[in-house]
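Trainee: Turn this into a structure:
(chains A and B)
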Amino acid sequence: DQQVKQNSPSLSVQEGRISILNCDYTNSMFDYFLWYKKYPAEGPTFLISISSIKDKNEDGRFTVFLNKSAKHLSLHIVPSQPGDSAVYFCAASGDNNNDMRFGAGTRLTVKP
Amino acid sequence: EPEVTQTPSHQVTQMGQEVILRCVPISNHLYFYWYRQILGQKVEFLVSFYNNEISEKSEIFDDQFSVERPDGSNFTLKIRSTKLEDSAMYFCASRADNSPLHFGNGTRLTVT
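Mentor: Take a look at the predicted model:
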């Protein structure tokens, strides 16, 4: 099941700089997209979402961009902080939100 | 803040044995889910449950798996005859209408 893809397994960024995490999807029926953050030994934690009627959603240091024509979304974190170091999962679902699919995750390391 | 709780945190079982993984979703949530993550791999959707019945299930969720909401608070995943390849982290999640999934911290299942 490769409906949601995160092609970068890892990303390393210096503290204070921007982190950009990318995600691609193949199912054109997806219309709700989310980013989750996961620390070791914990479950994924919801971070930010965007519906298909928007192309940008911002929450503090976190901004998600959606490009529907390219079936691509990205998460920008600026400025990055060491506490942001975690695995970030992109997720997508259709309008019933009953079968959310996850990407493989990107491990972000923010170096002090 | 209310959270999804899962027990046990780690379950070790022998191949062929039955296991029951337990979850207490957030109390006012109506939609319930199980996901799993095999070590080093992506988070995979197993099943969603609403109004006392399965609403969606993946190809992973075969006849060896079942879910139940035996009372007003618990949501369980049963694996009838475990296989080595069932070893994974199992995450329970729940949500209210039009809201993101909230995940528990997972149960690590080890099948020996």
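Trainee: Contacts only, for the residue positioned nearest the centre of chain B.
Mentor: Nearest to the geometric centre of chain B sits residue B:34, at 3.4 Å (CA atoms, centre = their mean). By CB atoms under 8 Å, 6 or more residues apart in numbering or on different chains, the contact list for residue B:34 reads B:21, B:23, B:46-47, B:67, B:77, B:90-93. C-beta coordinates here come from the backbone N, C-alpha and C atoms, glycine included.
Trainee: try 6 Å
Mentor: B:46-47, B:77, B:92 (CB atoms under 6 Å, 6 or more residues apart in numbering or on different chains).
Trainee: what's the spacing between it and residue A:52?
Mentor: 26 Å (CB to CB, to the nearest Å).
Trainee: try residue B:72
Mentor: Distance from residue B:72 to residue A:52, by CB to CB: 35 Å.
Trainee: Let me know the next secondary structure element after the helix or strand of chain A with the lowest mean pLDDT.
Mentor: When each helix and strand of chain A is scored by mean pLDDT, DSSP states H and E, strand A:101-102 comes last, with a mean of 89. Per DSSP states H and E, strand A:101-102 leads on to strand A:106-111 as the next helix or strand towards the C-terminus.
Trainee: Can you list the helices and strands that that following strand packs against?
Mentor: Other elements packing on strand A:106-111 under the criterion 3 or more CB pairs under 6 Å, 6 or more residues apart in numbering or on different chains; DSSP states H and E are strand A:10-14, strand A:86-93.
Trainee: residues contacting residue 13?
Mentor: All of this refers to chain A. With CB under 6 Å, 6+ apart, residue A:13 has these contacts: A:19, A:80, A:110.
Trainee: Not quite, go with chain B.
Mentor: With CB under 6 Å, 6+ apart, residue B:13 has these contacts: B:19, B:82, B:111.
Trainee: swap in residue B:26?
Mentor: B:2, B:4, B:94, B:102.
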